[in-house]
Structure formats: structure tokens, C-alpha cells
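Student: Sequence plus the predicted model coming up.
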2 protein chains.
Amino acid sequence: MIDYQAPLRDMQFILEELAGLERIGELPGCEDASQDLVSAVLEEAGKFAAGVLAPLNPVGDRQGCRLEGGRVIVPDGWQAAYDQFRDAGWIGLSLPPEHGGQGLPKLVSTPVWEMWFSANMAFAMLPQLNVGQTEALTIAASEAQKATWLAKIVSGEWAATMNLTEPQAGSDLAATRMRAEPTGDGAYRLFGQKIFISYGEHELTPNIVHLVLARLPDAPPGVKGLSLFLVPKCLLDERGEPGQQNDIRCIAIEHKMGIHGSPTCTLSYGDDGGALGYRVGEPHTGLATMFIMMNEARFNVGVQGVALGERAYQAALAYVRERVQGRDIVTGTSGKAILAHPDVKRMLVSMRSRLMAMRGLLYTAAGWFDLARHHPDAEVADKYRRYVDLLMPVAKGWCTEVGNDLCDEAIQVFGGMGFVEETGVAQLFRDARVITIYEGTTGIQANDLLGRKILREDGVTLRELVADFRETASQLGNQTTLGDLAEALHGQANLLDDTIDWLLAHKADTAELYAGAVPLLHLLGTACGAWQMARLALAADTRIGNGQGDTEYLRGLVELARFYMATQAPQAFAHGHTLRHAGTVLSRFPEGGL
Amino acid sequence: MIDYQAPLRDMQFILEELAGLERIGELPGCEDASQDLVSAVLEEAGKFAAGVLAPLNPVGDRQGCRLEGGRVIVPDGWQAAYDQFRDAGWIGLSLPPEHGGQGLPKLVSTPVWEMWFSANMAFAMLPQLNVGQTEALTIAASEAQKATWLAKIVSGEWAATMNLTEPQAGSDLAATRMRAEPTGDGAYRLFGQKIFISYGEHELTPNIVHLVLARLPDAPPGVKGLSLFLVPKCLLDERGEPGQQNDIRCIAIEHKMGIHGSPTCTLSYGDDGGALGYRVGEPHTGLATMFIMMNEARFNVGVQGVALGERAYQAALAYVRERVQGRDIVTGTSGKAILAHPDVKRMLVSMRSRLMAMRGLLYTAAGWFDLARHHPDAEVADKYRRYVDLLMPVAKGWCTEVGNDLCDEAIQVFGGMGFVEETGVAQLFRDARVITIYEGTTGIQANDLLGRKILREDGVTLRELVADFRETASQLGNQTTLGDLAEALHGQANLLDDTIDWLLAHKADTAELYAGAVPLLHLLGTACGAWQMARLALAADTRIGNGQGDTEYLRGLVELARFYMATQAPQAFAHGHTLRHAGTVLSRFPEGGL
């Protein structure tokens, strides 16, 4: 069994130095987010994650979930942990005060969610759905609907789900078939089947609120004919309490490679006359609303990347400090822990450098969310909204790919002990494998990045971001000892500018461009990581200069940035080469050659 | 469930065009390996793999193995499949005729073993041990020992194991503690515990022959004090038949992430007076002999990389030709199978290009084995022995890493269906995770490559290999349409020459160099893959020019080479950058920075 301790020092450093916690705390509506309060919140969350959730993680993996006569049985300990989690008010941390939340900025809730996912991802997927559903309902639901449902969702008294996928409609929601027929009194009866519904059924809460994409009888084909419906597991009685069971059945749960503690359900709606539901928002606008929930989910899946990577790193670090094996390659002496081997040290430093790059990007993006939402200057707010939109597919796509790589590397560090299940790193590796898939595969993220986020606006926002890279590089260049980092970051900025030029020049070659979408996503993710690591080094160097803090820790941050530039940054150029050349080959590749 | 069909066309092409089947068939002792016979062998093996072994693969995964009162129970169907496999004579395919084998070249047995591993790796690990043990005993055992044991091992009547690892002795065999005490009549009593012993106990055969590393009472410390012992599960009676049970107990089997059908045993020797064993070879020379078996095993684990990758590729290709989802990015029409999406096509072509690169390298190396063993000119034989020695860690290290990547990519192709267990790609992904670990991790292979294979001889053999790259590049340059490939291959050759120069110039910086060992291994593996793909394109282009064969297939091979150059070859340069810069950062990285 592997332990987990929230990496509070790293989190605080990035919140303060990269993500602008102080600036965010000065935004209207964010005044509660003082440094003291944030420290207290992180510390409490760290205790809960380490003490309550982390020990349950292997239990969930071993036991998994069972479907028994339509009932879904979750692992032992889930109920007690959920009750504690709900009662402590964690679900509402960043949710609207008017519905019972604490209204803290997303910047504050992001490290907290990182902890929940590190400690027990299969568990944390449940309350995460409440957050996403609250975002969607806050924007799209009627006042009456909000009054009826939101307080219970924000508190976690009831659970939430999102119902998109059907057997023939996975990445392509245009193929959705679920039907919604008006009852004549403003409600609807839903018929059809949804698959891959996380926590689609369980008895942890007395009710479950499903948000379901379906088609009205007069719906146009494609995604523009999708409407959104709120369909409760139990209909509410006159007191607003869960009463009669709705016409929804869990008919199967998936046998998955990982996240065994999270039941993935097939839900059948309307086998007995139709499941009663309520339309959320205007007809045929369901996809846009669902995308609010999905965007929230996508960002959080990116956070799962850093979260699983962090736990894998902690496990690997503990192992290499303890396991004695082999002789020192220089002195020939034996008896030292394996961290002394150059290749083992390489793996640990590599893991940590990528962790910090991801965390820098995600927390910075979380701060942008808050600036976009709360900044009083509309132009500033708009700029950060555009930054968030641009980098959402990177935050999801790149951080999940890297998160997988870190779990993989942790197994390699453990060697044979990583391949056996007892040590727990195998679980992380298996759990992580879903994150590049759900809420839109890496390919889907990459297409979004290329088409909607770059080409549609001719790369305008990305150019702005590159200018920020150059600003950081200039600051680095002013520090005598950081010139190498300045040069490396300039190299990444040049690569990005060249890449934008090339993309725009080849805009017409659609198929060839999209064949390079994933390499482009890796390129941009790697470059953004380089930017964050450069900022990290700059901040650490400044603190060293000011005599603030633990010098060895701070020097480590500077060297982590250098290591990133030596190992990750060159890969951005390789991806750039692939982007420019692979599409041409693919476009003439004969089908019979496969 | 996913099917498997042996990729006979690809195998034949590489055997004939890259690995020199005709030349090998002309070697003394290899005359049986005519093209006709080889085709017949591959076809028969393909049928057995597809018909008998492949359907058992998911059964082994689901059922796994059980330990019951010291007995190990293997999955249903294993016994019948083993009986058929043994009776068909597959184990002895490449083994010495004087002990009942067929004596075919390694070049012929390599594609056959690829099939067994593709079809059912957990099963094929069992007979593979007989091959390795035969290699070791042929070289090191006494004539009397050979007469007693070898025929039964070559036929598969008895099973074989290799016993190296102990809890404190994993990668570092110097820490081995197992004791062997002379009985006074030429035999020994063994005491101690071995872990991670594949097929260490089972009832598939009436006897199991363990080869065990242990220390004699007067042994010097370290690896130079290890001797090798043959320790049978059952002692032989006067007729040479398995009789009394030896003092060996299986006290545990591992709960692993994959290869569930292969029991991984903890064996306790000598709890009841000592396990009777027989020394193989001179005292204190055990490691050298075990390395014969290990080298055989390492090459075969490299073959597992291509084998699992091939099955993952076949599954992914079948899926993308069948699964309909989404709209065409150019025309906007829907209803096509997802292979039409540029990113999906990219993944498939990428998988296939890396498969062919690995297969080209492994089969070519198998041919070198045969040349080293059978070529009448000692200088030629020596050259190929040095080639084999140089590239063994690459064949193992690089092909297993790439094999893992292919299984990972197949899951990505399947999306959510890849994360559920029913489709079978999850099993491939889990099974594959062991291959970069067992028989020496990638780090161990990389250290071997850097230290023993390159630095020790100042890069002499690697320079010879680079000259072969340049020869291929020159030939490509003579073909008007392949100039781009010539240029790309020259680039890889230049990178290798520069890398050798740099390594030799920094020979004294041991710790820094070894921090770059794994990047070096990736660099060389990628470059060797580029060389093989260039050779593949050259051969395909020549066949096109001669009007031989299926033009679309052959054009596909040329484009696969181009795709490899566009996507993989640039990564060699990134690894080169890492090699040169990461070590310096690591050497000054503060321990408190982790």
C-alpha cells in the first residue's frame, strides 16, 4: 500500500508565484480567498485526503462494484467516506453561495480537487459530478428548477450524473437517439439507453439527478437537435423529497481495467412508460449546456493527470529511497538505496519536472478562469476567457497523456514490484488509462484545439500567449544565471510562431492538417510546460536572491526547469517536424498498405 | 474477443528482403531452411497460433492461476494446448538435432515465436524456457548431464525454469544468498528462496528442471561467487523417470497486473534437509552460463514487443474498419468507418510503421545470430557476433518500450471500449507492461549498451554499423524517388557518429553519461528502426520496379518508411539533446529538490 501526502509546499509555491493567488484574492467576489484561509483549506483537505480517502483507494480497486438485481453496490467504506465528505462541505467549496456553496475561486478549489483525485480518483469522480452539474444548471436552468434542485446538489445531499454516450454515439453526439416526448403539462417522457454513465446508479444518496441529452419529436438531425433534460432517479413528492422511483434502470455495469470503485453504468430509460424529465434551457440547445458541464469535467480530468502522477511520484520516491540494490556506478560501493543510480535519479527528476509543469499550467489556467469570471475590466476578462478556451484542450489532452506517462514511469521505477498488484502503483497505472479517453479522447481535444481554438481565429489568441512566453524569456534574460532558460524558452516561442505561420499557410489542406492535430497538441502542451517551468525558475531564483525559504528546495526548482528544457522541450521540435510532414504521407497512404 | 492471424506476408517479406533468408539457408548446417520449408513451417505455426493458442488467451487472463496446498493450477485448456504443442514438436524447432530438435536457424524460429507470443504470451512463456535452458545446457553441462536431461527438455516432456531473483537480489545478482552444500558424492543440497520464477511450479509436465543460481560454501562474494545448479522438481529413479519429490515448495504465486495465465512462483528450497541438485559447469562460473539463457530470453522478450504490438494492431485495424462514428472532416458526410478520420489513420499507420521497424530489426538480428554461429569465415562470424552483442540490449530494451507504446495506442484507438476488459486490448496492454521489466529493465539494458557494448570497445562495432547505414543510404540515393529517405537515413547516421564522438569525449564523466543511458538506447533503437525502414522501402521499390507482387502493399511499405522518418526519426534527435544535457543537470541536482 502506498501513502499519500498532499504536496502543500509545491502547491502553495505555484499558487502564489505562478497562478497569482494574491491577484485573484483581490477580485470582486473572491475577497475570502486570503492566503491564510487558503492555507487552512489546503491543510484541512490534505488531512482528509490522506486520512480518509487514500486508504480506501486500494479497497475500491480490489472490491470494485457489483450489480445485484438492479442495485449497484459500491465498495466498503464508500458510504462513510461520502457522508464525511458531504458533511464537511467540500462539494460546495467553489460553488455559488446563493445555493449554499462557499464561493471560493477556482484557483483554490483546483489544488483541493487534485488532492481528492490523488487520494482516490474512483471515489472523487462522484462529487466532481455535482460541481459540473451545478455549473450547468446555474447557467441554463430556470429559477424554479434552481430552487428545486441546486441546494441539494451543492450540498451533496443528492448525487449528479451526465448522460451523453449511447452505443452508436460516443465521440459523435450527433448520432444520439434518446427520445423525449412532451407529456402535455410541461414535462417529458424519456426513452432510450445511455452507456458509460459514471455513478449512474448507487445508494450513496437518496436521489440522483441525471442530466440527459435527448431529442424532441420535432428535433432537427445532428447535434443541433439535442435538448437537455433533468431526470431524477426518484420523483419528488409534494414536500420536495425523493419519492416514487422513476422509470430508469441500471441494466449493466462495465468490467473495466481501472477505477473499479466507480460504477460505470448502462442506464435504460422508459421501459415502463417513460422516465419523467424536465427540459433544461431552450429546445435544441442541449449540447451547449452540456458543454458547460463537460468543460468543467475536461479541466478536472486534466487535474486527474497531475493528481495520479503526483501519487505515482510519491510512491516511486519512497521506494527508491528505501530499496537497496546494486553498486554505485562511479565508486563501485554497494549498500546504497537505488536513488543513487543515475538512471533512477533521472526517472525521479523527470517525473517531478513534468509534474510541476502540469501543475503550473493547470493552476495558472484556474486563475484565468477566475479572472475571466470576476475581473471588472471586460477586456481583461475577455482576454483570459480566450486563454482558457484556447488551452482547455491542452489542459485536458496534454496533462492526461503526461499523467499516464508518469504512472508508467513509476512502474518502471518499481521494476517487478510495480507489475505485482500489492504495491499499488499498478492500480494508478490502470486507473490513469481512462483519462486520455473520457470527456473526449486526446484526438478529440486535438481537433478542438486545431479547428475551433486556432484556425477559426487565425491563431490570434495563441499569438498573444506566445508574446507572454517572450515576456518571461526577457525577464529570465535579465538574470545572469538563467540565460540558458531564456534561450530555451525563446526557442519554444519561435517554434510556436513558426508553427502558427505554417498552419495558416496550409489552412486549405484540411485532411493533412488534422492528421497533425495530436502532434500539435503535444507541441503546444510541451511548450506551455516549458513556459511554466521557466516562470517557476524565475520565481525560485528571485526567492533565493531575497533569502526567502529553503535554498535547496528552491535550487531544485531551478534545476527542474533546466531538466525539463533538456528532456521535454526538444520533443516539441520533434512534434513540429511530425506536424509538417506526417500529413502529406498519410494523405497518399494506400488503404491496402494497412 | 479479438482474433489473431499470423502476418505471413509481412513476415515473409522481411525474412527474404531484410534478414537474408536465402543467405542463411546456404550456411553449413542450415541447408534445411529452404524457402519452401520455411513457408510451410510459418503457415502451420500460423494455424496453430490462431486456432489453438489465441482463443485461450482471454481464458488465461480471466481465470489466472491458483495455489492450492502447494499445487499450482493453471487455466483451463492449458494442458490440452501444451500436449498438442509438445507433440507437434514446436519446442525443438531451432534446437540441436543431436538432442531431438529440428536444428532450423534462429531466423526461422523467430517469426514462429512471434506468433506464439502474439497468440498467447502467458502460455508461450512456458516452452520458451525449454529453449533457453537447452542453449545453456548445450554449452555448459557435462556429457552425462546432457544425456540425462536434454532430450526431455528439447521434446518438452519436461518443463524448464530459470531461478535468479531473490527478495534482496533483483537487478543485482551479486546479492544472491541461496546456498549449495556439497553432499560428498558430487551432488549438492540447496537452501534458500527464489522469487518471480515463471512457471516455477505446475503439473503440465511430469517433471520440471530448475536451473538455479547459488553460492558454494567457499564462494567469493559478489557475482563471481555464483555457481549454477540443475535442480529437478522430482528426482529421477534408476530408469531415469521422475520419482521422489525433491525438497522444493511453491509457497506463493504473485497477483500480477497481467500475464495471469503464467504462474509467477516463490520457491522455497531446502525446508526439509535440502533440495538435491547437480552443479552445471565449473564452480563460480554460474552467472556466465545463466547469461546464455538470459540472452536467449532477452531476445525473445524483444520479440514479445513486436508480438503484442502486432496483435494490438490487428485488433485496432479491425475496429477502425468496422466502427462508424463522426463526420468526414473534409466533406462533412457521416456514416463512414472511423479509419476515415485523419487522426485515426495516423494512429494505425504509426503502429504499423513501428511494427515493421521492430520486426526488421529483430529478424535481421536473428539472421546475424545464425551467421555468427554458422558462417565458415571466422572473421565474418565474429563481425555478426559483435553486431548481435551490440544490439541485444536494443532488441530487448527498445522493442519492449515500443511494444508497450503500440498496446497503449491500440487502447486509444478503441476509446472507451479499450478501457473495458471485454474487447481484449486491455489485456494486451496489461500483459505488455512486464516486458520492459523482466529479463533486465530498460535501464539495465541501457547500462549494458553504454558500458559493455559501446564504451568498452570505444564504439568500434557501432561505427561499423553506422557504415552499413550509410551504405543503405547510398543505395537509396541511387533511386530517383527515394532521395528523401536517403537524406533522412544520412541524418540518423550523422547523429550516431556525432553521438559516439561525444560519448568518447565524455568517457570520464561516468555518472553524467549513465544518466543518459536510456535516452541513448532510445536514440539507437529509433535509428536502427530508421535503417530497417529504409531497407524495407528500398526492397519494396525494387519489387515495384520489377513488377513483382501487390503494388498497393509495396507502395504502402515505402510510405510506412516515410511515415517513420516523419514521426520517429526526429525523436532520435530529441533523445540526442537529452543525452548531452540531462546528465549535467542531474549531477548537480540537490537531493532536497525531490
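Tutor: Everything's here; your move. Residues are numbered from 1 along each chain as shown, chains lettered A, B, ... in the order given.

Student: Which stretches in the stretch 51-200 of chain A count as strands?
Tutor: For the stretch 51-200 of chain A, applying DSSP state E, counting those that start in this stretch gives strands covering A:66-68, A:71-73, A:159-163, A:179-182, A:188-198.

Student: Tell me which of these is the most buried.
Tutor: strand A:159-163 (a mean of 27; mean count of other Cβ atoms under 10 Å in any protein chain shown). C-betas here are computed from N, CA, C, even on glycine.

Student: Identify whichever of the strands of the stretch 51-200 of chain A lies nearest to B:Arg249.
Tutor: Minimum separation from B:Arg249 across those (Cβ to Cβ) falls at strand A:66-68, 35.7 Å.

Student: Poorly predicted segments of chain A, please.
Tutor: A:1 (pLDDT under 70).

Student: got the domain boundaries for it?
Tutor: Using automatic domain parsing, the domain parsing of chain A gives A:136-288, A:442-593.

Student: Ends of the shortest one, what's the gap?
Tutor: Spelled out, it's domain A:442-593. Chord length of domain A:442-593, first to last residue, is 25 Å (Cα to Cα, to the nearest Å).

Student: Chain B is nearest to which of the domains of chain A?
Tutor: domain A:442-593 (1.8 Å; Cβ to the nearest Cβ).

Student: one step back: for the domains of chain A, give me CSV that also has distance to B:Ala144.
Tutor: Below are these laid out as CSV (distance: least, Cβ to Cβ, whole Å):
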stretch, distance to B:Ala144
domain A:136-288, 51
domain A:442-593, 55
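
Student: would CSV of these with distance to chain B be doable?
Tutor: Shown next, in CSV, are the domains of chain A (distance: least, Cβ to the nearest Cβ, whole Å):
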stretch, distance to chain B
domain A:136-288, 4
domain A:442-593, 2
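
Student: Show me which residues of the host helix or strand of A:Ala467 are buried.
Tutor: Per DSSP states H and E: A:Ala467 is located in helix A:460-477. Residues of helix A:460-477 classed as buried by neighbour count (16 or more other Cβ atoms under 10 Å in any protein chain shown): A:461-462, A:465-466, A:469-470, A:472-473, A:475-476.

Student: and the stretch 251-400 of chain A, which residues reach chain B?
Tutor: A:254-258, A:264, A:317, A:324-327, A:329-330, A:334, A:339, A:341-349, A:352 (Cβ under 8 Å from any Cβ of the partner chain).

Student: In helices only, show me the residues you listed.
Tutor: Of these, the ones assigned to helices by DSSP state H are A:317, A:342-349, A:352.

Student: Pick the one among these closest to B:Ala446.
Tutor: Set against B:Ala446, the nearest of those by Cβ to Cβ is A:Asp343 (6.7 Å).

Student: so who does that closest one touch?
Tutor: A:Asp343 makes contact with B:443, B:446-447, B:514-515, B:517-518 under the criterion Cβ atoms under 8 Å, 6 or more residues apart in numbering or on different chains.

Student: separation between it and B:Gly200?
Tutor: According to Cβ to Cβ, to the nearest Å, A:Asp343 stands 29 Å off from B:Gly200.

Student: Which residue is the nearest non-sequential neighbour of A:Leu137?
Tutor: Spatial nearest neighbour of A:Leu137, excluding adjacent residues (Cβ to Cβ, 6 or more residues apart in numbering or on different chains): A:Leu150 at 5.8 Å.

Student: Switch the contacts of A:Asp343 over to CSV; also include distance to chain A, secondary structure and neighbour count.
Tutor: Converted to CSV, the contacts of A:Asp343 look like this (distance: Cβ to the nearest Cβ, whole Å; DSSP: H, G, I helix; E, B strand; the rest coil; neighbours: other Cβ atoms under 10 Å in any protein chain shown):
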residue, distance to chain A, secondary structure, neighbour count
B:Gly443, 4, helix, 26
B:Ala446, 7, helix, 26
B:Asn447, 7, helix, 25
B:Tyr514, 4, helix, 24
B:Ala515, 4, helix, 27
B:Ala517, 6, helix, 28
B:Val518, 6, helix, 29
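
Student: which one of these sits closest to A:Leu173?
Tutor: B:Val518 (42.0 Å).

Student: so what's that closest one up against?
Tutor: Going by Cβ under 8 Å, 6+ apart, B:Val518 touches A:343, A:346, B:442-443, B:446.

Student: separation between it and B:Gly583?
Tutor: Taking Cβ to Cβ as the measure, B:Val518 falls 11 Å from B:Gly583.

Student: re earlier: want to throw the strands of the stretch 51-200 of chain A into TSV with distance to B:Gly103?
Tutor: Formatted as TSV, the strands of the stretch 51-200 of chain A follow (distance: least, Cβ to Cβ, whole Å):
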stretch	distance to B:Gly103
strand A:66-68	55
strand A:71-73	59
strand A:159-163	63
strand A:179-182	68
strand A:188-198	54
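
Student: buried subset of the residues of the stretch 251-400 of chain A next to chain B?
Tutor: In those, the ones that pass as buried (16+ other Cβ under 10 Å) are A:254, A:256-258, A:264, A:317, A:325-327, A:329, A:339, A:341-349, A:352.

Student: quick one, helices of the stretch 401-550 of chain A?
Tutor: If DSSP state H, counting those that start in this stretch is used as the criterion, the helices of the stretch 401-550 of chain A fall at A:416-419, A:425-432, A:442-447, A:460-477, A:483-505, A:510-515, A:517-545.

Student: Name the residues of the last one that are buried.
Tutor: Just to be clear, that refers to helix A:517-545. A:517-541, A:543-544.

Student: I'd like the next helix or strand past it.
Tutor: helix A:551-567.

Student: Show me what that next one is packed up against.
Tutor: Contacts defined by 3 or more Cβ pairs under 8 Å, 6 or more residues apart in numbering or on different chains; DSSP states H and E place helix A:551-567 against helix A:342-374, helix A:483-505, helix A:517-545, helix B:569-588.
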